[in-house]
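J.: test case, fold it:
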Amino acid sequence: MVTTQTVALASDNGRTFDAYLARPEQGRAPGIMIFTEMFGIGQHNREMAEYFTRRGFNALIPNLFWRAAYPGELAFEGPDRDAAWARLAAFDVDAAGCDIGIAVQWLRAQPFANGKVFALGFCAGGRMAFVAAARANVDAAVSFYGMGIAKHDGEFGHVNCPVQLHYGLKDPHIPRPEIDAVTRAAQHRPNIEIFLYAEAGHSFFNPIRPGYHAASASLAGERLDALIDRILVATPV
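T.: Coordinates of the predicted model:
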């Protein structure tokens, strides 16, 4: 059985740092923390959380846009798309990094948790998965088409956990020079793996988006699952 709820992680100036939580009904489980695209927490994110819960994990989706003028979900298309880009442009990465630390500590402290936290992010959330690895002491992190990771070139030395960075080479939002810059920053970090998908564009892992690329998503999913199994299942707690 899957138990779901919205939880409050912190509050400030009348605002609440909220998160969507899905967890097994009984027992103590490792955690997977999901960081969303720039559109916020949508139904497909919640379904992913529940999918991981059915596999035996706690899944937490922190709302990293809780400080924004509009903290809720925005649609992929129409006027909301421009609003999502504007919200992302105003996004405070450092404040969000602190929020991630709060979320990680909260999840680890719960009686239904076993202390392990795995960060998984997409698009803007892919960058935040890297930030979680560099700043929040997670046990592993996976980023899918994370925009802006090259801006953190000085933080690669702070990443001590296993990390996967997945990029589609036909992604209009992440030019090849950015991917090359990330590759250079990671070249002396054997714990950071970079996977490139020649035929994939942005959102290639998301089956409800036009950019979905089944073959690339399947291969990336195998790599993701292998790391989850190694860090969250095979590693004794």
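
J.: touching the helix or strand harbouring Arg81 from outside, list them.
T.: Using DSSP states H and E, Arg81 maps to helix 79-89. Under the criterion C-beta atoms under 8 Å, 6 or more residues apart in numbering, residues 38-40, 65, 68-70, 74-75, 124 lie in contact with helix 79-89. From N, CA and C alone the C-beta is placed, and that goes for glycine too.

J.: in helices only, show me those residues.
T.: Ala124 (DSSP state H).

J.: what subset of the contacts of helix 79-89 is buried?
T.: Listed as buried from the contacts of helix 79-89 are 38-40, 65, 68, 74, 124; burial here means 16 or more other C-beta atoms under 10 Å.

J.: okay if I get these as a markdown table plus pLDDT and distance to Ala10?
T.: What follows is those, written out as a markdown table (pLDDT from 0 to 100; distance: C-beta to C-beta, whole Å):
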| residue | pLDDT | distance to Ala10 |
| --- | --- | --- |
| Met38 | 97 | 22 |
| Phe39 | 97 | 22 |
| Gly40 | 97 | 18 |
| Phe65 | 98 | 14 |
| Ala68 | 97 | 15 |
| Leu74 | 96 | 23 |
| Ala124 | 97 | 20 |
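
J.: pLDDT wise, what is Met1 at?
T.: For Met1, the model assigns a pLDDT of 85.

J.: show me the contacts for it.
T.: Counting by C-beta under 8 Å, 6+ apart, Met1 has contacts 24-25.

J.: what do you get if the cut-off is 6 Å, keeping everything else the same?
T.: Contact analysis of Met1 by C-beta atoms under 6 Å, 6 or more residues apart in numbering lists Glu25.

J.: same check on Asp99?
T.: Leu64.

J.: please report how far it lies from Val131.
T.: Taking C-beta to C-beta, to the nearest Å as the measure, Asp99 falls 10 Å from Val131.

J.: helix or strand: which one has Glu193?
T.: Going by DSSP H and E, Glu193 is part of strand 192-197.

J.: how about residues contacting that strand?
T.: 163-169, 183, 186, 216.

J.: what does stretch 150-169 give?
T.: 133-134, 139-144, 178-179, 181-182, 185-186, 189, 191-198, 200-201, 204, 220.

J.: Gly201 and Ile174 touch, don't they?
T.: No. Gly201 is beyond contact range of Ile174, at 9.5 Å (criterion: C-beta atoms under 6 Å).

J.: more neighbours: those two, which one.
T.: Ile174 (23 against 20; other C-beta atoms under 10 Å).

J.: how about the longest helix seen in the chain: buried residues?
T.: The longest helix of the chain (DSSP H) is helix 93-109. For helix 93-109, burial by neighbour count (16+ other C-beta under 10 Å) applies to 96-97, 99-101, 103-104, 106-108.
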